[in-house]
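[1] Okay, here's the prediction I keep looking at, along with the sequence it came from:
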Amino acid sequence: MGILAWIVVGIIAGFLAKSVVPGEGPGGVLGDMVVGIVGALIGGWLFTSFGSAGVTGFSLWSVLVAFVGGVVLLLIMRALTGGMRSTV
């Protein structure tokens, strides 16, 4: 998959994952992109482990795989850093 497609899928999936998981995420569009791209790697690994296709290109399926991986990544980050606590 081309680098531009990875960036676009990463931004979309990272934004969606940060919208679903409570708490603060990494900042801005760059943070969304990193969460989405790393999430695509995690999601691709998870989906292929269970016999499905991973990230296949610029498609809705790839965004879904990256979104699931992004949610997993954010939940792991929250668990390790205690990011779900509210700071008042």
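    Perfect, I can see it now. Numbering: from 1, shown residues only.

[2] got the contact list for stretch 6-13?
    1, 29, 32-37, 39-40, 55, 58, 62-63, 66-67, 69-70 (Cβ atoms under 8 Å, 6 or more residues apart in numbering). Placement of C-beta: from N, CA and C, glycine included.

[3] Show me what counts as buried in the helix or strand containing residue 78.
    In the assignment (DSSP states H and E), residue 78 maps to helix 60-81. By neighbour count with 16 or more other Cβ atoms under 10 Å, helix 60-81 contains the buried residues 62-63, 65-75, 78.

[4] Then stretch 18-38?
    So stretch 18-38, judged by 16+ other Cβ under 10 Å, has buried residues 18, 21, 25, 32, 33, 34, 35, 36, 37, 38.

[5] among those residues, which are in helices?
    Among those, DSSP state H puts 18, 32, 33, 34, 35, 36, 37, 38 in helices.

[6] Adding pLDDT and distance to residue 46, write the residues you listed out as CSV.
    Formatted as CSV, those follow (pLDDT from 0 to 100; distance: Cβ to Cβ, whole Å):
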residue, pLDDT, distance to residue 46
18, 82, 19
32, 71, 20
33, 73, 20
34, 78, 18
35, 78, 15
36, 76, 15
37, 78, 15
38, 80, 13
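
[7] For this protein, which element, helix or strand, carries the lowest mean pLDDT?
    Within the chain, confidence by mean pLDDT, DSSP states H and E is lowest for helix 28-49 among all helices and strands, at a mean of 77.

[8] So what's the gap between the helix holding residue 78 and the chain middle?
    4 Å (Cα atoms, centre = their mean, to the nearest Å).

[9] Let me know the angle separating it from helix 28-49.
    Inter-element angle recorded for helix 60-81 and helix 28-49: 110 degrees (by axes from the mean of the first three to the mean of the last three Cα atoms, to 10 degrees).

[10] So which elements touch helix 60-81?
    Applying 3 or more Cβ pairs under 8 Å, 6 or more residues apart in numbering; DSSP states H and E, we find helix 60-81 packed against helix 3-20, helix 28-49.

[11] can you pull the alpha-carbon coordinates of the last one into CSV?
    Once side chains and other backbone atoms are set aside, the C-alpha atoms of helix 28-49 remain, and they are given as CSV (Å, rounded to 0.1, in the frame of the first residue of the first chain):
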residue,chain,number,x,y,z
GLY,A,28,-3.6,16.4,16.8
VAL,A,29,-3.6,15.0,13.3
LEU,A,30,-0.1,13.6,13.7
GLY,A,31,-1.2,11.7,16.8
ASP,A,32,-4.2,10.4,14.9
MET,A,33,-2.0,9.3,12.1
VAL,A,34,0.4,7.5,14.3
VAL,A,35,-2.4,5.7,16.3
GLY,A,36,-4.0,4.7,13.0
ILE,A,37,-0.8,3.4,11.3
VAL,A,38,0.4,1.5,14.3
GLY,A,39,-3.2,0.4,14.8
ALA,A,40,-3.2,-0.9,11.2
LEU,A,41,-0.2,-3.0,12.0
ILE,A,42,-1.8,-4.4,15.2
GLY,A,43,-5.2,-4.9,13.5
GLY,A,44,-3.6,-6.6,10.5
TRP,A,45,-1.7,-9.0,12.9
LEU,A,46,-4.9,-9.7,14.9
PHE,A,47,-7.1,-10.2,11.8
THR,A,48,-4.6,-12.5,10.1
SER,A,49,-4.2,-14.5,13.3
